[in-house]
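Student: kindly return the folded structure for what I paste below:
(2 chains, ligands or ions: 1)
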Amino acid sequence: MAGAAVPGRLGGRLRWHTAELVERRAESATAATLVFDVDGWPGHLAGQHVDVRLTAEDGYSAQRSYSVASASGGERVELTVQRVADGEVSPYLAEEMAPGDLAELRGPVGGWFVWRTEQTEPVLLVAGGSGLVPLMSMVRTRRAAGSRVPFRLLYSVRGPADRLYAGELARADPGLDVTLLYTRTAPDGLPREPGRLTPEDLVQYGWPADFEPTCYVCGPTGFVEKAATYLVMLGHAPERVRTERFGPTGG
Amino acid sequence: MPIISRGFGGRRPSGDHELPPGQYETFDFPVLSAGPTPHVPLDEWEFTIGTETGTEYRWSWDDLMALPAETPTVDLHCVTKWSKFDTEWRGVSLDVLFEDVESAADFTLVHSYGGYSTNLPLEDLLDGKAWIAYGYGGGELPPEHGGPARLLVPHLYFWKSAKWVRGIRLGLEDEPGFWESAGYHDYGDPWREQRYQGD
Ligand SMILES: Cc1cc2nc3c(=O)[nH]c(=O)nc-3n(C[C@H](O)[C@H](O)[C@H](O)COP(=O)(O)OP(=O)(O)OC[C@H]3O[C@@H](n4cnc5c(N)ncnc54)[C@H](O)[C@@H]3O)c2cc1C
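Tutor: Take a look at the predicted model:
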């Protein structure tokens, strides 16, 4: 069962696996982490996602993509789902699904937006909202592998109550610098005024372009568009800026 | 037997044959091509899948005919605004052709006899969503509609369903095809009216 058998045969990747929810944890007021036991899971790389299929009693079904949050190599698949108001799928996953309930899952998907433990260059992670999820898998994979590659994480989030993995990211992780960029409400005493990500944030808390970091940017489409444009403007080579967009369905 | 997710309701579509935004129904089968219709003798025809590491998988016409065929009935949506309901096809599911292909790629560039190309995420070709079609309406696929064989990906605008298909190249990066380089949308979901770049 174990292993990170990726790349794998597409014949296996495209098969739907039965997944049983074995644990759930609240991550914030509106997000939850779901831990699935997946029959025949081949393992994943940090940054990859899965497709989740839900089927109602009468056979109606819907599918959405979710990034894997857990470190690569594990046998279980952890997803963190942010509830989208009026959403078809995320409210069920984030609030209703209970241990023992079943879903179907296909993947892992993605060979580009991944971080591999063999990489030695510095890494810049830029997350907007639930775009933190695949980047957290990279942070966890780095830690689990005992890698000393320097990571910097810029995490843009509305306010303290919206933070994902707050406790885990507050703990010291040598070689990982975490900067929180609040967009609406910031805790007292922070030097930075609440506001959207700016090029100055990337200069101040990111890596200089001449360090040649690999940059991973993930979040809502608009956020990713801006952050990636700023990075290229600041001199980062486009091929070292990798992006993943959590737009609406299908994007 | 589908796996039921207890308590999941979902949202239902309102009726069969809903038109995507901006589309109208047509009863004939318009022909739109970027250039002249190429003609390929069947004994020279071949279909290839190339991976990001350079491995090639090949099928001759006879190889293709020997694979299990499906007969999907699907709706078509062309970016020029027509939609055609319940069209009947015959072809091989891409799940069959990709079954033993080793790859970590996310993207595909489909190329055709005649030089046409179009890009699609690999996911949109898998899981029963796409075919190499060689039959239409109970007969052979006419050359002007892409015969001897074309790609059929009915959930995207029809320019993604490359006529006279010759092969698919897998890649780690997205690479625009013919119309995509000419200002058409990279993905082309008719239900989101993704006609042109920026839609
Ligand atoms: C590769 C990939 C990885 C993803 N990983 C994650 C993940 O790890 N965690 C996670 O929570 N989500 C993730 N998403 C987003 C997820 O797939 C769904 O789009 C999201 O959960 C909303 O689905 P829904 O069915 O609840 O809403 P829908 O019914 O699809 O949409 C309802 C309304 O919400 C809007 N909407 C849809 N998605 C979003 C969004 N992401 N943000 C804001 N508004 C939206 C729609 O435009 C619509 O108005 C990922 C998406 C992709 C493509």
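Student: could you use CA atoms for every contact and neighbour count after this?
Tutor: Noted.
Student: tally of neighbours for residue A:56?
Tutor: 17 (other Cα atoms under 10 Å in any protein chain shown).
Student: just checking, it touches residue B:5?
Tutor: Yes - under the contact definition of Cα atoms under 8 Å, residue A:56 touches residue B:5, with a separation of 6.1 Å.
Student: that's a helix at residue A:130, yeah?
Tutor: Yes - under DSSP: H, G, I helix; E, B strand; the rest coil, residue A:130 sits within a helix.
Student: now residue B:145: phi and psi?
Tutor: Dihedral pair for residue B:145: phi -100, psi 10, per degrees, to the nearest 10.
Student: what do you get for residue B:42?
Tutor: Dihedral pair for residue B:42: phi -60, psi -30, per degrees, to the nearest 10.
Student: so who does it touch?
Tutor: B:61, B:148 (Cα atoms under 8 Å, 6 or more residues apart in numbering or on different chains).
Student: what's the pLDDT at it?
Tutor: We have a pLDDT of 95 for residue B:42.
Student: gap between it and residue B:134?
Tutor: Remark: distance between residue B:42 and residue B:134 (Cα to Cα, to the nearest Å) = 12 Å.
Student: any residues in contact with both of the two?
Tutor: By Cα under 8 Å, 6+ apart, the residues touching both residue B:42 and residue B:134 are residue B:148.
Student: residues contacting the strand ranked longest in chain A, please?
Tutor: Criterion DSSP state E: the longest strand present in chain A is strand A:17-26. Contact with strand A:17-26 is made by A:32-41, A:97-106, B:3, as judged by Cα under 8 Å, 6+ apart.
Student: does that strand come close to the ligand?
Tutor: No - using Cα under 6 Å from any ligand atom, strand A:17-26 stays clear of the ligand, with a minimum separation of 12.8 Å.
Student: contacting residues around the residue nearest to residue A:235 when sequence neighbours are not counted?
Tutor: The shortest distance from residue A:235 to any non-neighbouring residue, by Cα to Cα, 6 or more residues apart in numbering or on different chains, is to residue A:209 (5.6 Å). Taking Cα under 8 Å, 6+ apart, we find residue A:209 in contact with A:234-237.
Student: and those residues, which are buried?
Tutor: A:236-237 (16 or more other Cα atoms under 10 Å in any protein chain shown).
Student: same list, the contacts of residue A:209, but as TSV with secondary structure, distance to the ligand and pLDDT please.
Tutor: Shown next, in TSV, are the contacts of residue A:209 (DSSP: H, G, I helix; E, B strand; the rest coil; distance: Cα to the nearest ligand atom, whole Å; pLDDT from 0 to 100):
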residue	secondary structure	distance to the ligand	pLDDT
A:234	coil	26	96
A:235	coil	26	95
A:236	coil	23	94
A:237	coil	23	92
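Student: which secondary structure elements does whichever strand or helix holds residue B:75 contact?
Tutor: Element membership of residue B:75 [criterion: DSSP states H and E] is strand B:73-77. The contact analysis (3 or more Cα pairs under 8 Å, 6 or more residues apart in numbering or on different chains; DSSP states H and E) places strand B:73-77 against strand B:82-93.
Student: helices or strands next to the strand it packs on in the packing?
Tutor: strand B:24-25, strand B:73-77, strand B:131-136.
Student: closest to residue A:173 out of the ones you listed?
Tutor: With Cα to Cα as the criterion, residue A:173 lies closest to strand B:131-136 of the helices and strands packed on strand B:82-93, at 48.6 Å.
Student: just so I have it, where are all the strands in chain A?
Tutor: A:17-26, A:31-38, A:49-55, A:61-67, A:76-82, A:102-109, A:123-128, A:151-157, A:176-182, A:214-219, A:241-245.
Student: then chain B?
Tutor: Using DSSP E, strands in chain B cover B:24-25, B:46-50, B:56-60, B:73-77, B:82-93, B:107-112, B:117-121, B:131-136, B:139-140, B:150-152, B:165-171.
Student: so of the ones you listed, which one's packed in deepest?
Tutor: When the strands of chain B are scored by mean count of other Cα atoms under 10 Å in any protein chain shown, the highest mean neighbour count falls to strand B:150-152 (a mean of 27).
Student: and that strand, how far from the chain's centre?
Tutor: In terms of Cα atoms, centre = their mean, to the nearest Å, the centre of strand B:150-152 is found 4 Å from the chain centre.
Student: contact partners of it?
Tutor: Looking at what lies outside strand B:150-152 - Cα under 8 Å, 6+ apart - the contacts are B:130-134, B:160-165.
Student: nearest to residue A:90, out of the strands of chain B?
Tutor: Closest among these, using Cα to Cα: strand B:117-121, at 23.1 Å.
Student: now the stretch 1-150 of chain A against chain B: closest residue?
Tutor: Nearest to chain B in the stretch 1-150 of chain A, going by Cα to the nearest Cα, is residue A:11, at a distance of 4.2 Å.
Student: what's the neighbour count on that residue?
Tutor: 17.
Student: contacting residues for the one residue in chain B that gets nearest to the ligand?
Tutor: Nearest to the ligand in chain B, going by Cα to the nearest ligand atom, is residue B:11, at a distance of 8.2 Å. Going by Cα under 8 Å, 6+ apart, residue B:11 touches residue A:88.
Student: looking at the contacts of strand B:150-152, which one is closest to residue A:178?
Tutor: residue B:160 (42.2 Å).
Student: wait, the closest one sits on residue B:116?
Tutor: No - taking contacts as Cα under 8 Å, residue B:160 lies outside contact range of residue B:116: 10.5 Å.
Student: who has more neighbours, those two?
Tutor: residue B:160 (24 against 19).
Student: and the pLDDT at the more buried one?
Tutor: Reported pLDDT for residue B:160: 97.
Student: and it, how close does it get to residue A:54?
Tutor: For residue B:160, the distance to residue A:54 - Cα to Cα - is 28 Å.
Student: can you count the residues close to whichever residue of chain B sits closest to chain A?
Tutor: Closest to chain A within chain B is residue B:99: 4.2 Å, counting by Cα to the nearest Cα. Look at residue B:99: counted by other Cα under 10 Å, it has 15 neighbours.
Student: reformat the strands of chain A as TSV; add mean neighbour count.
Tutor: Listed next are those as TSV, based on neighbours: other Cα atoms under 10 Å in any protein chain shown:
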stretch	mean neighbour count
strand A:17-26	18
strand A:31-38	22
strand A:49-55	22
strand A:61-67	19
strand A:76-82	24
strand A:102-109	25
strand A:123-128	26
strand A:151-157	24
strand A:176-182	19
strand A:214-219	27
strand A:241-245	19
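Student: tabulate these (a markdown table), appending distance to residue B:141 and mean pLDDT.
Tutor: Below are the strands of chain A laid out as a markdown table (distance: least, Cα to Cα, whole Å; pLDDT from 0 to 100):
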| stretch | distance to residue B:141 | mean pLDDT |
| --- | --- | --- |
| strand A:17-26 | 36 | 96 |
| strand A:31-38 | 42 | 97 |
| strand A:49-55 | 34 | 92 |
| strand A:61-67 | 32 | 88 |
| strand A:76-82 | 44 | 97 |
| strand A:102-109 | 33 | 90 |
| strand A:123-128 | 48 | 98 |
| strand A:151-157 | 53 | 98 |
| strand A:176-182 | 57 | 97 |
| strand A:214-219 | 43 | 96 |
| strand A:241-245 | 38 | 88 |
